[in-house]
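**Student:** Test case, fold it:
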Amino acid sequence: MSDRISLGRKNTSINVTENEDCLKGGSRPFLLVESKGHGLHAFVNQKLQGSGYGNGSNVRFNFSAPISLKAGKNDVTILSLTVGIQNAGPHYEWMPAGLTNVKIKGLNKGLLDISGYTWTYKIGLDGEQLGAPFGMKSVNWVSTTEPPKNQPLKWYKAVVDPPTGNEPVGLDMIHMGKGLAWLNGQPTGIYWPRLVSCENPCVKACDYRGSFKPDKCVTGCGEPSQRWYHVPRSWFKPSGNVLVILEEVGGDPTKVTFSKRKMSTIYSSIAEDYPSIDLESWKPDIDDDSSQDKAPRAHLKCPDSTQISAVNFASFGNPAGPCGSYSLGDCHDPSSKSVVEKACLNRNECTIELTEMDFSKDPCPGSTKKLAVEAVCM
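**Tutor:** Numbers count the residues shown, from 1 in each chain. Here you go, the predicted model:
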């Protein structure tokens with residue numbers, strides 16, 4: 001998780017004489033930038049002239065946009081973005097990124113190459129230095145019921161109440177581009193609900209066996225790589241919570257919402273003397289007694305698109321109580337919970353066999369034991 005702004009600011013200046021045709025009604029000159037990745041915002045005299053980006057297949061790109069100049073000194077500022085720098089593969093540390101050439105086309109003297117000019121460099125934005133992430137009153141915030149939409153490099157601030165209930169909370173950023181968010185000065189990290197490419201075919205189940213390829217196990221085609229960003233409830237105050245968002249690309253802040261994660265609880269209780277026949281695959285073949293060798297199994301399955309996130313209760317022995325009210329009996333294997341967690345956590349469904357391989361200890365020899373489990377799906 002990062003609370004730092006992933007922008008590098010490069011500045012230089014050029015002098016323009018009064019006899020330039022572009023100052024007398026002629027065609028506007030163009031700013032040309034070559035970059036090896038991954039994005040940029042271009043400013044002239046503190047005014048945004050345009051933005052450019054690479055893509056997941058080719059991070060290199062060329063930027064071209066008409067610019068407005070004035071007679072005399074003109075400040076040129078380029079905010080350079082690098083996102084998802086390669087961190088594996090041969091010589092990955094030598095993979096280039098950032099600006100290579102900066103030129104201005106359309107002046108009276110022809111193409112002006114300003115790549116070799118003296119550039120100053122600074123990390124971050126002025127708003128960060130002024131304390132904007134903390135909602136500081138020293139920042140000149142503009143109060144409005146209609147905040148600007150789909151504009152890059154905008155700071156937004158809102159006072160919000162905590163969501164009701166005690167479910168986990170996430171910040172829904174599907175209608176935003178890319179940036180950072182803070183709640184009461186605490187960073188939720190970088191948000192970037194980038195859509196997964198539809199160019200490569202998706203698979204229903206992943207199988208990573210064999211040689212590795214980046215596109216070997218593509219899922220969620222056309223869907224955002226991440227939509228909700230967790231906000232711990234401990235960060236909320238009873239009222240007057242300050243939510244600050246820095247949008248780097250452009251989005252609609254009026255559609256940012258808090259979502260509550262609904263949890264469901266699943267249960268399983270099965271004893272050693274439970275019939276071991278798999279009813280779904282069983283066929284009445286009296287000559288086939290292979291099913292008799294199967295041990296009883298506890299099966300847990302979450303609703304679609306959820307996973308087992310926690311095991312609230314697990315006991316192999318003689319647990320008591322009905323579903324939702326399980327309690328330990330006087331016979332309990334202390335490794336029960338770790339066995340179930342190993343088999344089930346972060347899975348949509350799992351099966352635990354009641355065998356000595358899973359439960360190495362016999363907590364009560366000579367008696368029929370059972371396994372009771374309560375788990376949470378999220």
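**Student:** and residue 99, how many residues sit next to it?
**Tutor:** Taking other Cβ atoms under 10 Å as the neighbour definition, residue 99 ends up with a count of 18. (C-beta placed from N, C-alpha, C; glycine too.)
**Student:** residues contacting it?
**Tutor:** Contacts of residue 99 were listed using Cβ atoms under 8 Å, 6 or more residues apart in numbering, and they are 10, 33, 34, 35, 36, 40, 78, 80.
**Student:** As a check, name the ranges of all helices in the stretch 51-200 of the chain.
**Tutor:** For the stretch 51-200 of the chain, the helices defined by DSSP state H, counting those that start in this stretch cover 126-129.
**Student:** got the contact list for the residue nearest the centre of the chain?
**Tutor:** Averaging the C-alpha coordinates of the chain gives a centre point, and the residue nearest to it by Cα atoms, centre = their mean is residue 226 (4.3 Å). Taking Cβ under 8 Å, 6+ apart, we find residue 226 in contact with 191, 192, 193.
**Student:** who wins for neighbours among these?
**Tutor:** The most crowded member of those, judged by other Cβ under 10 Å, is residue 191 (26 neighbours).
**Student:** For that residue, which non-adjacent residue is closest in space?
**Tutor:** Computed as Cβ to Cβ, 6 or more residues apart in numbering, the closest residue to residue 191 that is not its neighbour in sequence is residue 173, at 4.4 Å.
**Student:** Same check on residue 95?
**Tutor:** For residue 95, ignoring the flanking residues on the chain, the nearest one in space by Cβ to Cβ, 6+ apart is residue 86 at 4.7 Å.
**Student:** likewise residue 63?
**Tutor:** The spatially closest residue to residue 63, leaving aside those adjacent along the chain, is residue 52, at 3.5 Å (Cβ to Cβ, 6+ apart).
**Student:** Quick check: bridge partners of that neighbour?
**Tutor:** With DSSP bridges as the criterion, residue 52 is bridged to residue 40.
**Student:** Show me where the stretch 201-350 of the chain has its strands.
**Tutor:** Secondary structure of the stretch 201-350 of the chain by DSSP state E, counting those that start in this stretch: the strands cover 228-231, 241-247, 257-260, 264-271, 297-301, 308-317, 349-353.
**Student:** out of the ones you listed, nearest to residue 184?
**Tutor:** Distances from residue 184 to each of the strands of the stretch 201-350 of the chain were compared using Cβ to Cβ; the shortest belongs to strand 241-247, at 5.7 Å.
**Student:** what separates that closest one from the chain centre, distance-wise?
**Tutor:** When C-alpha coordinates are averaged (Cα atoms, centre = their mean, to the nearest Å), strand 241-247 and its chain have centres 17 Å apart.
**Student:** Could you give the average pLDDT over that strand?
**Tutor:** For strand 241-247, mean pLDDT is 96.
**Student:** rewinding a little: which one among the contacts of residue 226 gets closest to residue 246?
**Tutor:** Nearest member of these to residue 246, counting by Cβ to Cβ, is residue 191, at 9.9 Å.
**Student:** just checking, the closest one touches residue 175?
**Tutor:** No: assessed by Cβ atoms under 8 Å, residue 191 is found out of contact with residue 175, at 11.0 Å.
**Student:** quick one, what contacts the residue nearest to residue 191?
**Tutor:** With Cβ under 8 Å, 6+ apart as the criterion, the residues that contact residue 173 are 181, 191, 193, 227, 228, 229, 251, 256.
**Student:** Distance of it relative to residue 305?
**Tutor:** Using Cβ to Cβ, to the nearest Å, we find residue 173 at a distance of 19 Å from residue 305.
**Student:** Would you mind confirming that residue 317 makes contact with residue 333?
**Tutor:** Yes: Residue 317 is within contact range of residue 333, at 5.8 Å (criterion: Cβ under 8 Å).
**Student:** Name the residues contacting each of these two.
**Tutor:** Both residue 317 and residue 333 are contacted by residue 363, under the criterion Cβ under 8 Å, 6+ apart.
**Student:** Distance-wise, check residue 169 relative to residue 70.
**Tutor:** In this structure, residue 169 lies at 49 Å from residue 70, with Cβ to Cβ as the measure.
**Student:** Please apply the same query to residue 28.
**Tutor:** 12 Å.
**Student:** now do residue 296
**Tutor:** Summarising the geometry, the distance separating residue 296 from residue 70, computed by Cβ to Cβ, is 82 Å.
**Student:** okay, those two: which has more neighbours?
**Tutor:** Just comparing residue 296 and residue 70: by other Cβ under 10 Å the higher neighbour count belongs to residue 296, 17 against 13.
**Student:** so the more buried one makes contact with residue 271?
**Tutor:** Yes: judged on Cβ under 8 Å, residue 296 makes contact with residue 271 at a distance of 6.9 Å.
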